[in-house]
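# Give me the fold of what follows.
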Amino acid sequence: MAVITIFSGPYCHGDEVTRGVVETLGYRPAGEELFKQAANQYNMSEERLQRSLYGSPSLLGRFTTERARALAYLKATLAHLLQEDGIVLHGFLTHLIPLHISNVLRVCLIANNDYRAKLAMETDSLSEEKALKRIHEEDSKRGEWTRHVRYHDPYDERLYDMLLAMQSTSVKEAVESISSGVSSETLKRTEETERAIADFALAANVEIALTEKGYDVNVTSDNGNIHIAIQKYTNRLESTKAKLKEIAQQIDGVQAVSSSPGTRYT
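Sure thing, here's the model as predicted:
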């Protein structure tokens, strides 16, 4: 059994397709309880955790120490979840799972603006103008989010295994496509998958330790070899690298530590 992630544009039947996949495959839906688990374990409120994902577009792309910690806590919680199979995860959290974890079927639901506006007008009794405005606002949130964590636009096909255009795909057809796609041999859990999940968990733990010290970083791991991407400019780069290494080496499982300026280093 694989893990299925579904990222949906606004008014693209994300909830309906997710429910259909859960019912068809008998998989367990995961989502909101992750915020509760992270809140309980890391002493940050569910509201603050959710705001780190669902805040206004003008805030999502900005670094704050609270937001950095929240994302690290959610990554660690997700890494624990991935020990299970038969999970369906819907929403923003899907993009925190590293792309190289191979037993994940990544799905995106999108549709053109005409279709989405019509659906918004029908379901929420909005005028066309207000419908298009809401769609633009929600797309902006998704764009800020995916550019922050994945450095791509939200509906970029490179982020997904399956991209479904809902103006020409019924909910039933989408559910059938996803349910069929999850049987692919490439999605089977392997030793490589286990190592990738373990690395994800280790990187998240290192990231927690660093963000709790106020650092803006993105951490990856390859068999315990940690790399820290420094996202905030400092005129004391070598000193910062030494401090990051000192903190990271205290985490169980870390074999080696390297660091360099990251994509957002300004």
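
# got the contact list for the nearest residue to residue 196 once chain neighbours are set aside?
Excluding the flanking residues, the one nearest residue 196 by Cβ to Cβ, 6 or more residues apart in numbering is residue 101, at 4.7 Å. Every C-beta, even on glycine, is put in place using the N, C-alpha and C of the backbone. Taking Cβ atoms under 8 Å, 6 or more residues apart in numbering, we find residue 101 in contact with 82, 193, 196-197, 200.

# Which member of those is positioned nearest residue 9?
residue 82 (24.8 Å; Cβ to Cβ).

# Can I get the contacts of residue 101 in a markdown table including secondary structure?
Converted to a markdown table, the contacts of residue 101 look like this (DSSP: H, G, I helix; E, B strand; the rest coil):
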| residue | secondary structure |
| --- | --- |
| 82 | coil |
| 193 | helix |
| 196 | helix |
| 197 | helix |
| 200 | helix |
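
# which of those residues sit farthest apart?
193 and 200 (10.5 Å).

# Tell me which of the two has more neighbours.
Using other Cβ atoms under 10 Å as the criterion, residue 193 and residue 200 rank with residue 200 on top: 23 against 19.

# these two touch, right, that one and residue 82?
Yes - the pair residue 200 and residue 82 qualifies as a contact (Cβ atoms under 8 Å) at a distance of 7.1 Å.

# Measure how far the helix or strand hosting residue 48 is from the centre of its chain, please.
Per DSSP states H and E, residue 48 falls inside helix 46-54. Distance of helix 46-54 from the chain centroid (Cα atoms, centre = their mean, to the nearest Å) equals 13 Å.

# what's it packed up against?
helix 32-42, helix 65-81 (3 or more Cβ pairs under 8 Å, 6 or more residues apart in numbering; DSSP states H and E).

# Enumerate the positions of that helix that are buried.
49-53 (16 or more other Cβ atoms under 10 Å).

# Run through the residues that contact residue 35.
46, 49-50, 74.

# try 10 Å
44-50, 52-53, 70, 73-74, 77, 93 (Cβ atoms under 10 Å, 6 or more residues apart in numbering).

# now do residue 259
Residue 259 touches 210, 217, 219, 226-230, 237, 240-245, 248, counting by Cβ under 10 Å, 6+ apart.

# From those, pick the one nearest residue 28.
Nearest member of the contacts of residue 259 to residue 28, counting by Cβ to Cβ, is residue 219, at 28.1 Å.

# The closest one pairs with what?
In this entry, residue 219 is beta-bridged to residue 228, by DSSP bridges.

# and the gap between it and residue 241?
13 Å (Cβ to Cβ, to the nearest Å).

# Mind listing the shared neighbours of the two?
Common contacts of residue 219 and residue 241 (Cβ under 10 Å, 6+ apart): 228, 257, 259.

# quick one on the thing from earlier: shared neighbours, residue 200 and residue 82?
With Cβ under 10 Å, 6+ apart, residue 200 and residue 82 have common neighbours 97-98, 101.
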